[in-house]
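[1] just a sequence and a predicted model for now, questions to come.
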2 protein chains.
Amino acid sequence: MSHQDKTAGQTIAIDAMGGDEGAAMVVEGTAMARKRHPDVHFILHGNENILRPLIEKFPILSENVSVVHTEELVLAEDKPSQAVRRGRKSSMGMAIESVKNGDAMVAVSAGNTGALMAMSKVMLRTMPGIDRPALASILPTLRGESVMLDLGANVECGEENLIQFAVMGAAFSRTVLGLEKPKVALLNVGVEELKGNDAVKNAGQALASAPLPMEYIGFVEGNGIAEGEADVIVTDGFTGNVALKTAEGTARFITALTRQAFKTSLLTRIGYLFTRPGIRRLRRHLDPNNHNGAVFLGLNGLVVKSHGGANARGFFTAINVAVEMMRNDLSHLILEDLKNFDDQFPAEVVMEEKK
Amino acid sequence: MSHQDKTAGQTIAIDAMGGDEGAAMVVEGTAMARKRHPDVHFILHGNENILRPLIEKFPILSENVSVVHTEELVLAEDKPSQAVRRGRKSSMGMAIESVKNGDAMVAVSAGNTGALMAMSKVMLRTMPGIDRPALASILPTLRGESVMLDLGANVECGEENLIQFAVMGAAFSRTVLGLEKPKVALLNVGVEELKGNDAVKNAGQALASAPLPMEYIGFVEGNGIAEGEADVIVTDGFTGNVALKTAEGTARFITALTRQAFKTSLLTRIGYLFTRPGIRRLRRHLDPNNHNGAVFLGLNGLVVKSHGGANARGFFTAINVAVEMMRNDLSHLILEDLKNFDDQFPAEVVMEEKK
């Protein structure tokens, strides 16, 4: 397949200048994705003078790849408001623009999260039926992988937001984790029906009888996340962001303590040498590069945020998430599910349940 | 020192019937505490027929220990509302009653958390200047130990609540961790001043210039908890509960993966044998029995909740927390700090900052 065959349905726009490791990491990750997905077209947005020599290192990038030149950048330290005002012509802004004008189905960036979130929201606007977008991500659990949202797009969420997040998260897990009827749960301080704040309790009532391709399993507590109790864990962006970062911090804490434990004595040091293959496997399982790609759901267009510190393999993982969403037409699924839900629960019913 | 010398200032009331392991665990933990704190008097509330034979096993319990008989119990499955209505004469209710009527300074229970929280609130009522009590606990971190609150007493908290939690948490860390000027932080989704919801932002402004024996260091994110970035981490009860349980779940997750890693091959199994002493040390550091004792702060009387699954050593740890609070007169410290804070920030000022 060559440039001429590309269709919007098979194109992914890439912010080639974002991420701590910069354009070289992005181009290498894109080359890995080209190999895995030979029918997908990629648009690399960024400085052509920097990108061309990097692209030439990978013969596979000589086809199905276009470069759209821009010298402007969103920097890691830029404020979201600055990016919205001045970033339209940046590599990040142009990647989002590609999605907006239909040249691409998904944009992928490893750049400044706040800027990407703000620009995506302003440029793509929320879908019909969605009040606020959500940041969703795939997390490793004891039973495999789960989706969690919102991870910080909104710090205050009402029950309507939580319901919409549940619909979007379920559709996301169907496309990316390949689940037919994902188990969806609301994150709460207890599993009994009477626990929690009003938003969580009311959202739970509405979801319990939702006519959707998912199974609402009720509330899960914080420890249920890593247990993999649910395929989709729904929460407000404040709690979700704190929970995600607490989990990351705890994982680092335990790993640091384990390292110290190995250094206790000569004996434990010797033991460490023997256990290294196992530890390496453990590290691979937890490596964020293997679970990379947070997604903004609920906008008129799909945007994937790769971890800023991702390496080429991590960026490749984020592109894979983008490809799965594109192939399974995630936006369409979400719109359909929202329509089914709203048919059964007109907005007024949900509002009345508040009282 | 004998029964006759006891003063209220040196007495701890114990719910002898709470906890998964029951009275035997409680009595053994009390014996350990009697040895460590020879001048403290203990009142054991519970069924004398069960308690007497257990007490006789520990000669040290023949002095400075009284038993107050009751046959009533709060069960693990009792609802908080049931406990409040019918539990006054239970071992848990009588322990709280001892604090209320001045017979003891602190009550310690390993029983039903919801019931203990509800009964304590109703029987002891909130301190002057405190709108809502908070559940605080000590957590292990990379740098030592930190205090976190609220861990679930209140699911919805405004800025006044967060400010009061900060004052109480700081006083708690001064008495129990022995810090002169603890570093206090608000848990948030980012460290920049503009991040977060209104409650967190406004509480941050008020705390920044608070005339208190603490250092307000601003916001910390979820990963800062295990890093030990602050001595006292303040948050609402919904977020705090989820964060605490997420940390517990993640710790279990990583430990389970590590165990799997050790079983990868014969080599790693051999390695495991060598590393065991280190792993044992790690386990000791993380063992909840070494960090046991959540405290209800903000009531007219102190109540310590031991983990329901605690062993005798864990219950002993909870009693130690109670003794430290009693010796350092925590309630008095909190009242004093609240007064200083209110003198500088009369309620109206705090309210106005809301706008």
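    Ah, there it is. Since we're looking at a predicted model, the values are computed, not measured.
[2] so who does A:Thr258 touch?
    Residues in contact with A:Thr258, defined by C-beta atoms under 8 Å, 6 or more residues apart in numbering or on different chains, are B:Thr258, B:Ile279, B:Leu282. Just so you know, the C-beta spots here come from the backbone N, C-alpha and C atoms, and that holds for glycine as well.
[3] now A:Glu215
    By C-beta under 8 Å, 6+ apart, the residues touching A:Glu215 are A:Lys181, A:Pro182, A:Lys183, A:Val184.
[4] skipping adjacent residues, who's closest to the last one in space?
    I take that to be A:Val184. Closest residue to A:Val184 apart from its sequence neighbours, by C-beta to C-beta, 6 or more residues apart in numbering or on different chains: A:Val232 at 4.4 Å.
[5] who's in contact with the one you found?
    Applying C-beta under 8 Å, 6+ apart to A:Val232 gives the contacts A:146-149, A:166, A:169-170, A:172-173, A:182-185, A:214.
[6] quick check: PyMOL command selecting the buried ones in the contacts of A:Glu215.
    One line in PyMOL is enough to select the buried members of these, burial here meaning 16 or more other C-beta atoms under 10 Å in any protein chain shown:
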select buried, chain A and resi 182+183+184
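[7] and the contacts of A:Glu215 as CSV, adding distance to A:Met92?
    Shown next, in CSV, are the contacts of A:Glu215 (distance: C-beta to C-beta, whole Å):
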residue, distance to A:Met92
A:Lys181, 36
A:Pro182, 31
A:Lys183, 35
A:Val184, 32
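[8] secondary structure, distance to A:Gly308 and pLDDT for the contacts of A:Glu215 - can I get that in TSV?
    Formatted as TSV, these follow (DSSP: H, G, I helix; E, B strand; the rest coil; distance: C-beta to C-beta, whole Å; pLDDT from 0 to 100):
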residue	secondary structure	distance to A:Gly308	pLDDT
A:Lys181	coil	34	94
A:Pro182	coil	28	96
A:Lys183	strand	31	97
A:Val184	strand	29	97
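[9] nearest residue to the middle of chain A?
    Nearest residue to the geometric centre of chain A (C-alpha atoms, centre = their mean): A:Ala294, 1.7 Å.
[10] just the contacts of A:Thr258 now: which is nearest chain A?
    Nearest to chain A among those, counting by C-beta to the nearest C-beta, is B:Leu282 at 4.1 Å.
[11] what's the closest non-adjacent residue to that closest one?
    Closest residue to B:Leu282 apart from its sequence neighbours, by C-beta to C-beta, 6+ apart: A:Ala261 at 4.1 Å.
[12] that neighbour: neighbouring residues, count only.
    Applying other C-beta atoms under 10 Å in any protein chain shown, we find 22 residues neighbouring A:Ala261.
[13] okay, buried residues for stretch A:77-88 please.
    Within stretch A:77-88, the residues that count as buried by 16+ other C-beta under 10 Å are A:Asp78, A:Pro80, A:Ala83, A:Val84, A:Gly87, A:Arg88.
[14] stretch A:207-218 too?
    Applying a neighbour-count criterion of 16+ other C-beta under 10 Å, one finds A:Leu207, A:Ala210, A:Leu212, A:Pro213, A:Met214, A:Glu215, A:Tyr216, A:Ile217, A:Gly218 buried in stretch A:207-218.
[15] out of those residues, which comes closest to chain B?
    A:Gly218 (15.5 Å).
[16] which residues are in contact with the closest residue to chain B within the stretch 1-150 of chain A?
    The nearest approach of the stretch 1-150 of chain A to chain B comes at A:Leu142, 5.7 Å away (C-beta to the nearest C-beta). By C-beta under 8 Å, 6+ apart, the contact set of A:Leu142 is A:Ala226, A:Glu227, A:Gly228, B:Phe253, B:Ala256.
[17] can you put the residues you listed in CSV and add pLDDT?
    Putting the contacts of A:Leu142 into CSV (pLDDT from 0 to 100) gives the following:
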residue, pLDDT
A:Ala226, 93
A:Glu227, 94
A:Gly228, 95
B:Phe253, 86
B:Ala256, 83
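[18] closest to A:Phe238 out of those?
    Set against A:Phe238, the nearest of the contacts of A:Leu142 by C-beta to C-beta is A:Ala226 (19.8 Å).
[19] the closest one contacts A:Thr250, doesn't it?
    No: counting by C-beta atoms under 8 Å, A:Ala226 sits too far from A:Thr250 to count as a contact (9.1 Å).
[20] those two: who's more crowded?
    Using other C-beta under 10 Å as the criterion, A:Ala226 and A:Thr250 rank with A:Ala226 on top: 28 against 25.
[21] what does the biggest strand by length in chain A rub up against?
    Secondary structure assigned by DSSP state E gives strand A:134-141 as the longest strand of chain A. With C-beta under 8 Å, 6+ apart as the test, strand A:134-141 has contacts from A:117, A:145-154, A:161, A:164-165, A:168-169, A:172, A:176-177, A:225-228, A:237, A:240, A:244, A:247, A:285-286, A:290-291, A:293-298, A:305, A:321, B:253.
[22] skip ahead from it and say which helix or strand is next.
    Using DSSP states H and E, the helix or strand that follows strand A:134-141 towards the C-terminus is strand A:144-149.
[23] dig out what the residue nearest to the centre of chain A forms beta bridges with.
    Residues in a beta bridge with A:Ala294, per DSSP bridges, are A:Lys305.
[24] show me what contacts it?
    Contacts of A:Ala294 by C-beta under 8 Å, 6+ apart are A:Leu135, A:Ala136, A:Ser137, A:Leu151, A:Val304, A:Lys305, A:His307.
[25] again, only using 7 Å
    A:Ala294 is in contact with A:Leu135, A:Ala136, A:Ser137, A:Leu151, A:Lys305, counting by C-beta atoms under 7 Å, 6 or more residues apart in numbering or on different chains.
[26] how many other residues sit next to the first one?
    So the one you mean is A:Leu135. Per other C-beta under 10 Å, the neighbour tally for A:Leu135 reads 26.
[27] gap between the residue nearest to the centre of chain A and A:Gly301?
    Using C-beta to C-beta, to the nearest Å, A:Ala294 is found at 16 Å from A:Gly301.
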